[in-house]
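*Asks:* Got a predicted model here, sequence first, then my questions.
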Amino acid sequence: MTRSPDVRDEWERIKARLRAELGEDVFTSWFARVEFEALVGDAVHLSVPTRFLKNWLQSRYRDRLLVLFRESFGSIAQIEFAVRSAMRPTTDAGRRPAPVLVASTPEPRAAATATRPALAATGSAARPADELSGSPLDARHSFETFVEGRSNSLALAAARRVADVRPGQPVAFNPLYVHASVGLGKTHLLQAIAHAAKAEGRKVLYLTAEHFMYRFVQSLMAQSSIAFKEALRGIDLLLIDDMQFLQGKQIQQEFCHTLNSLIDGARQVVIAADRPAGDLETLDERVRSRLAGGLLVEIAAPDLELRRRIVTHRVDAARRADATLEISEAVVDWVAENVVSSGRDLDGAVNRLVAHHQLTGRRVDLEMAEAALRDLLRAREPKKVKIEDIQRVVSKHFNVTKADLLSARRTRTVVRPRQIAMYLAKALTPRSLPEIGRRFGNRDHTTVLHAVRKIEEMATADRGFADEIEMLKRMLDG
């Protein structure tokens, strides 16, 4: 079989796609030090500098890489990762041999050495691990700008109590765990705590979960993880945002040790996530248990009264910046009644109205508001479906148990419902194939991929079966 694309050019194109999809920070954290080694038959071979990075990429990005390589080279069956220290020695010039492209033919395989130099790692040197720089704080995210209502009053009260503790005083709630859907104020609240606590002279570190992972990987690469861990445990207040994105067994173990050390040392920890601690399925059970042992507070969707207060607050701020802005009370009421998903969408709605006024010079009336926000009103946040929901609904529908779905049984009465449940997990949740496999009895990701393709084929060929799948989707979305 002839491989026409130039493998080095295609690898650069794939990296550019990943950079655009993931953003510069995430790409630099996980892919800057990945190197292409060879394409042998139907297998792509990549190398990384550490075993941790190998495990991380295998569990989180293997499926996406497989799709991208298939777009370039056709029938790629697998992505293989290797740790460079365990690979072949360097050449005389101190470089490893260049990537090779091996055609898959009936003849014995022969490696064709590429003429260009090997792809170099593009990651920059890590900063010293004891320089604990947190994620950026937005000066606008203060307690003064947080709009209170019934849906968030308990979370706000708990956050103020945590922030008001003076150095040397006992901590209030430890850990404080705040959970809410997207755009309801979790990040605002955590950053408000950070601002207030810093003003009181406390040593504060605010990190997103991805930033925590990035810093930990940096410390491993720089062989300074001990210094990093010691510095992390010397702070007064640790705030971790977007906890649902904390991945990787080694990172979770280290986070658990840090969490225990801080809590046992009477240092405050505040966590935010998009769901309760018990629902963070990919999180280590010890971490979930420790998080659940503190104060768990939910921020619910804003009611009409709170939505109107948020819109009024944003409009007043816009008027202070632009004295010519006119937005009537009727428009404020209309926005509050129709933009119902989150405070972030309310901010976006007001920003659009202000922009339309500035660009047209027109007064913001109901006609302008309806035209400017038409697409925002159509968007409604879909219900978050969990794998447990899928397993429960499928088990009930097909009269099998959840234990059957997770078992090794191969009878038709169990295999088909299991495949349907895996298909629905892939279609309705953001979980990767390896994650889904783990949730169905620690199955390999290729088993999940086979199930997804099988159900898709059956739904295409059998209209009645397709209708049954759609019915199950409606049951889960309803």
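*Replies:* Now that the structure is in, tell me what you want to look at.

*Asks:* Just the residues contacting the one helix or strand residue 414 maps to, thanks.
*Replies:* The secondary structure element spanning residue 414 is helix 412-428 (assigned by DSSP states H and E). Outside of helix 412-428, the residues that reach it under the criterion C-beta atoms under 8 Å, 6 or more residues apart in numbering are 385, 387, 390-391, 394-395, 397-398, 400, 404-405, 407, 409, 431, 433, 436, 439-440, 447-448, 451-452, 454-456, 469, 472-473, 476-477. For every residue, glycine as well, the C-beta is placed using N, CA and C.

*Asks:* Which positions in stretch 342-359 come out as buried?
*Replies:* By neighbour count on 16 or more other C-beta atoms under 10 Å, the buried set for stretch 342-359 is 342-343, 345-350, 352-354, 356-357.

*Asks:* Make TSV out of those residues and add secondary structure.
*Replies:* Supplementary listing: the buried residues of stretch 342-359 in TSV, determined by DSSP: H, G, I helix; E, B strand; the rest coil:
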residue	secondary structure
342	coil
343	helix
345	helix
346	helix
347	helix
348	helix
349	helix
350	helix
352	helix
353	helix
354	helix
356	helix
357	helix
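
*Asks:* Please give the centre-to-centre distance between stretch 23-40 and its chain.
*Replies:* Computed by C-alpha atoms, centre = their mean, to the nearest Å, the chain-centroid distance of stretch 23-40 equals 18 Å.

*Asks:* Just the C-alpha atoms of it, please, in PDB.
*Replies:* These are the backbone C-alpha positions of stretch 23-40, laid out as PDB (Å, rounded to 0.1, in the frame of the first residue of the first chain):
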ATOM      1  CA  GLY A  23      -5.600  26.400  22.600                       C
ATOM      2  CA  GLU A  24      -1.900  27.300  23.000                       C
ATOM      3  CA  ASP A  25      -1.700  26.600  26.800                       C
ATOM      4  CA  VAL A  26      -3.100  23.100  26.600                       C
ATOM      5  CA  PHE A  27      -1.200  22.200  23.500                       C
ATOM      6  CA  THR A  28       2.100  23.400  25.000                       C
ATOM      7  CA  SER A  29       1.400  21.500  28.200                       C
ATOM      8  CA  TRP A  30       0.800  18.100  26.600                       C
ATOM      9  CA  PHE A  31       2.100  18.100  22.900                       C
ATOM     10  CA  ALA A  32       5.100  20.400  22.700                       C
ATOM     11  CA  ARG A  33       7.500  17.500  23.700                       C
ATOM     12  CA  VAL A  34       5.700  14.800  21.700                       C
ATOM     13  CA  GLU A  35       7.900  13.600  18.700                       C
ATOM     14  CA  PHE A  36       7.000  11.600  15.700                       C
ATOM     15  CA  GLU A  37       9.100   8.400  15.400                       C
ATOM     16  CA  ALA A  38       7.800   6.300  12.600                       C
ATOM     17  CA  LEU A  39       4.700   5.100  10.700                       C
ATOM     18  CA  VAL A  40       5.100   1.300  10.500                       C
END
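
*Asks:* Mind checking the pLDDT average for it?
*Replies:* Mean pLDDT, stretch 23-40: 81.

*Asks:* With stretch 319-335 instead?
*Replies:* On average, stretch 319-335 scores 84.

*Asks:* Contacts for it next, please.
*Replies:* When contacts are defined by C-beta under 8 Å, 6+ apart, stretch 319-335 is touched by residues 307-308, 311-312, 315, 318, 346, 349-350, 353-354, 357-358, 363-366, 369-370, 373.

*Asks:* same question, stretch 466-478
*Replies:* With contact meaning C-beta under 8 Å, 6+ apart, stretch 466-478 is reached by 382-383, 385, 389-390, 393-394, 397, 420, 423-424, 427-428, 455, 459-460.

*Asks:* give me that answer again for 10 Å
*Replies:* Contacts with stretch 466-478, where a contact means C-beta atoms under 10 Å, 6 or more residues apart in numbering, come from 382-383, 385-386, 389-390, 392-394, 396-398, 420-421, 423-424, 427-429, 455-456, 458-460, 462.

*Asks:* mind listing the strands for the protein?
*Replies:* Ranges of strands within the chain are 35-40, 43-48, 78-83, 100-102, 112-113, 176-179, 204-208, 237-241, 268-273, 295-298, based on DSSP state E.

*Asks:* Where among those strands is average confidence lowest?
*Replies:* Of all these, the segment with the smallest mean pLDDT is strand 112-113, scoring a mean of 31.

*Asks:* Relative to residue 253, how far out is residue 395?
*Replies:* Residue 395 sits 33 Å away from residue 253, going by C-beta to C-beta, to the nearest Å.

*Asks:* more crowded one of these two?
*Replies:* Each of residue 395 and residue 253 has its neighbours counted (other C-beta atoms under 10 Å); residue 395 has more, 18 against 13.

*Asks:* check contacts around the more buried one.
*Replies:* With C-beta under 10 Å, 6+ apart as the criterion, the residues that contact residue 395 are 401, 402, 403, 404, 405, 417, 418, 421.

*Asks:* So, low pLDDT: which residues of this protein?
*Replies:* Of all residues in the chain, those with pLDDT under 70 make up the ranges 1-6, 25, 85-133, 223-225, 281-282, 378-383, 478.

*Asks:* tell me the domain boundaries of it?
*Replies:* The chain breaks down into these structural domains: 7-113, 153-298, 304-378, 387-477 (assignment by automatic domain parsing).

*Asks:* Single out the most deeply packed of those.
*Replies:* domain 153-298 (a mean of 19; mean count of other C-beta atoms under 10 Å).

*Asks:* to the chain's geometric centre, what's the distance from that one?
*Replies:* 16 Å.

*Asks:* how much space is there between residue 251 and residue 29?
*Replies:* Between residue 251 and residue 29 the distance is 12 Å, computed by C-beta to C-beta.

*Asks:* shared neighbours, the two?
*Replies:* Shared between the contact lists of residue 251 and residue 29 (criterion: C-beta under 10 Å, 6+ apart) are residues 56, 213, 217.

*Asks:* quick one: the last one from residue 71, how far?
*Replies:* Noted for residue 217: a distance of 28 Å to residue 71, by C-beta to C-beta.

*Asks:* any chance of the strands of the chain in CSV, plus distance to residue 287?
*Replies:* Written out in CSV, the entries for those read as follows (distance: least, C-beta to C-beta, whole Å):
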stretch, distance to residue 287
strand 35-40, 32
strand 43-48, 25
strand 78-83, 25
strand 100-102, 42
strand 112-113, 47
strand 176-179, 11
strand 204-208, 15
strand 237-241, 11
strand 268-273, 10
strand 295-298, 14
